[in-house]
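Novice: sequence first, predicted model second:
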Amino acid sequence: MSQRNLEADIYLWKKVVESDEQAFASLYNKYSSSLFSAAFKLLKDSDACEDIIQEVFVHIWLKRYDIQVNDIKSYLYQSVKYKVIDLVRRKKVSIPLSEIEDIIATERTDSHVLKQEIETVIDRSVEDLPQRCAEIFKLKKEHYLSNKEIAQKLNISTKTVENQITIAIKRIKISLSDKMGMTILLCLHLFNKFF
């Protein structure tokens with residue numbers, strides 16, 4: 001993408017965040033056709049592709065205050081790709097094996113990057129927790145101690161450990177939601193592996 005195009009997108013996105021409906025329409029007009037074409041190459045289903053494009057744009061409008069985007073074009077294509085993958089998984093849409101392998105390979109690469117981003121957000125969120133809460137969370141996440149083991153180690157009740165972990169999880173989920181925008185469901189799926 002040219003620098004001029006990127007700057008135009010940055011300007012449009014800033015206006016969208018300010019609830020400028022004309023800027024949103026411009027963004028839609030600029031990318032909806034190419035996004036549709038990208039989805040159609042895989043799904044070969046006009047209605048499904050149209051639904052996916054609508055869902056993506058409705059989502060970014062509704063979440064425009066929360067989503068942090070540096071490259072709206074990449075964000076839109078990633079969003080459509082995840083929607084296509086989700087549709088393939090849920091409905092077992094018939095796609096040639098080679099194309100499915102390409103999607104999965106790309107998804108694995110993106111998932112690895114996303115996992116690193118999530119870990120960074122979690123680590124920063126833990127730093128912002130009260131000291132005891134952060135300590136308990138780290139013992140759970142990094143050292144894989146049970147609630148009972150943490151309670152014994154810190155000479156506190158198991159209930160206190162449970163309460164502190166609940167507080168930590170709530171705060172970190174809020175932070176993930178604020179920072180990761182559309183990928184929050186994937187974030188929470190990954191996050192739940194810890195507990």
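Specialist: Done, it's in.
Novice: next, give phi and psi for Tyr65.
Specialist: For Tyr65, the backbone dihedrals (degrees, to the nearest 10) come out as phi -80, psi -20.
Novice: likewise for Pro130?
Specialist: With angles defined as degrees, to the nearest 10, Pro130 sits at phi -60, psi 150.
Novice: same question, Ser157
Specialist: According to degrees, to the nearest 10, Ser157 has phi -80, psi 160.
Novice: so it touches Lys148, yeah?
Specialist: No - between Ser157 and Lys148 there is no contact under C-beta atoms under 8 Å: 10.2 Å. (Each C-beta comes from the backbone N, C-alpha and C, glycine too.)
Novice: so what's Ser157 up against?
Specialist: The neighbours of Ser157, taking C-beta atoms under 8 Å, 6 or more residues apart in numbering as the test, are Ala151.
Novice: distance of it from Ile67?
Specialist: 40 Å (C-beta to C-beta, to the nearest Å).
Novice: flag the shaky bits of the protein, pLDDT-wise.
Specialist: For the chain, applying pLDDT under 70 flags the ranges 1-2, 91-118, 176-195.
Novice: most remote residue from it's center?
Specialist: Distance from the centre of the chain peaks at Asn155, with 37.5 Å (C-alpha atoms, centre = their mean).
Novice: Ala39 and Asp9, how far apart?
Specialist: In terms of C-beta to C-beta, Ala39 sits 20 Å off from Asp9.
Novice: more crowded one of the two?
Specialist: Ala39 (25 against 22; other C-beta atoms under 10 Å).
Novice: can you give me the helices in this structure?
Specialist: 3-17, 21-43, 46-62, 72-91, 97-127, 131-141, 147-154, 158-180, 184-191 (DSSP state H).
Novice: can you list the buried residues in the third one?
Specialist: Put plainly, it is helix 46-62. Of the residues in helix 46-62, Ala48, Cys49, Ile52, Ile53, Val56, Phe57, Ile60 count as buried by neighbour count, 16 or more other C-beta atoms under 10 Å.
Novice: repeat for the fourth one
Specialist: Going by neighbour count (16+ other C-beta under 10 Å), the buried part of helix 72-91 is 72-73, 75-85, 87-88.
Novice: and if you look at the second one?
Specialist: Buried residues in helix 21-43, counted by 16+ other C-beta under 10 Å: 23-24, 26-28, 30-32, 35-36, 38-40, 42-43.
Novice: helices or strands up against that helix?
Specialist: Packed against helix 21-43, as judged by 3 or more C-beta pairs under 8 Å, 6 or more residues apart in numbering; DSSP states H and E, are the following elements: helix 3-17, helix 46-62, helix 72-91.
Novice: mind saving the C-alpha coords of it as CSV?
Specialist: What follows is helix 21-43, C-alpha atoms only, in CSV (Å, rounded to 0.1, in the frame of the first residue of the first chain):
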residue,chain,number,x,y,z
GLU,A,21,-21.0,8.5,8.6
GLN,A,22,-19.7,9.8,5.3
ALA,A,23,-16.2,8.7,6.1
PHE,A,24,-17.6,5.3,7.0
ALA,A,25,-19.5,5.1,3.7
SER,A,26,-16.2,6.1,1.9
LEU,A,27,-14.4,3.3,3.7
TYR,A,28,-17.1,0.8,2.8
ASN,A,29,-17.1,1.9,-0.8
LYS,A,30,-13.4,1.7,-1.0
TYR,A,31,-13.0,-1.8,0.3
SER,A,32,-16.3,-3.7,0.2
SER,A,33,-15.9,-5.0,-3.4
SER,A,34,-12.3,-6.2,-3.0
LEU,A,35,-13.2,-7.8,0.3
PHE,A,36,-16.2,-9.5,-1.3
SER,A,37,-14.0,-10.8,-4.1
ALA,A,38,-11.5,-12.2,-1.7
ALA,A,39,-14.2,-14.0,0.3
PHE,A,40,-15.9,-15.2,-2.9
LYS,A,41,-12.7,-16.8,-4.3
LEU,A,42,-13.0,-19.3,-1.4
LEU,A,43,-16.7,-19.6,-0.6
